[in-house]
Structures are given as C-alpha cells and as structure tokens.
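Novice: the sequence isn't on hand, but the structure is:
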C-alpha cells in the first residue's frame, strides 16, 4: 500500500508542476495580449505609418530567400509583432508585381 501511495504522490507532483507551468504560460500570454491591445489603441486612427509606430508594434520582419522553382519569383515575408501576440505571413509573387510584363 505504501508503494501505491508513493506512486500516486509522484504523479500528483508531476501534474501540479505541469499545471503550474501551463498557468504561468497562460498568464504571460494574457499580459502580452493586454499590452499589445494598449499599444494598438494608441494608434487606432493613424494616417501615416512612422518608424516610431513600427518599432512599438513590430518585433522583427523576416524576409526569406526567394523561390524561383515555379518559373517566377516568390518570396515569403513574416511580420512578428511585439509581445508574442501574432505572426503575419505574406508571399510576394513577381507575376503579380512584374512591371516589365506586358498587358494582355
């Protein structure tokens, strides 16, 4: 009976540790979202995107190497917002933006 009790205690300690880590992560995400919303509300009605606004809202922009395997150039761009709230991904396709291409 003692061995069963000890096993149960180990499992319960492990569960408490996992739940504590989960709660800590959830609290951090909540704080990050709240801080991001506060920052975005400051710029609710902007008419011009300035470097100051960019620095406050965006952590980094990752521009991936171009891919030419399809016959035209595509390039993926990731925008990582501050506070670990979101990542936006866009793909620039040369077929859509090629100025040398003749109109049909």
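Specialist: Here it is on my side, so go on. Only a predicted model underlies this, so the values are computations on that prediction, with no experimental measurement involved.

Novice: residue 40: neighbour count?
Specialist: By other C-beta atoms under 10 Å, 13 other residues sit near residue 40. Every residue, glycine included, has its C-beta placed from N, CA and C.

Novice: quick check, it in contact with residue 58.
Specialist: No. The pair residue 40 and residue 58 does not pass the contact test of C-beta atoms under 8 Å, sitting 11.6 Å apart.

Novice: so what does the top helix by length along the chain touch, helix or strand wise?
Specialist: Using DSSP state H, we find that the single longest helix of the chain is helix 2-42. Packing partners of helix 2-42 (3 or more C-beta pairs under 8 Å, 6 or more residues apart in numbering; DSSP states H and E): helix 51-57.

Novice: average pLDDT across the helix it packs on?
Specialist: The pLDDT scores in helix 51-57 average 89.

Novice: got the buried residues for it?
Specialist: residue 57 (16 or more other C-beta atoms under 10 Å).

Novice: helices or strands up against that helix?
Specialist: Packed next to helix 51-57, using 3+ C-beta pairs under 8 Å, 6+ apart, are helix 2-42.

Novice: now the helix it packs on: average pLDDT?
Specialist: 90.

Novice: repeat that for stretch 71-87.
Specialist: 85.

Novice: quote the end-to-end distance of that stretch.
Specialist: 28 Å (C-alpha to C-alpha, to the nearest Å).

Novice: in it, what's buried?
Specialist: 74, 79, 81, 82, 83, 85.

Novice: tell me how far the first one lies from residue 24.
Specialist: What that stands for is residue 74. Distance of residue 74 to residue 24, given as C-beta to C-beta, to the nearest Å: 40 Å.
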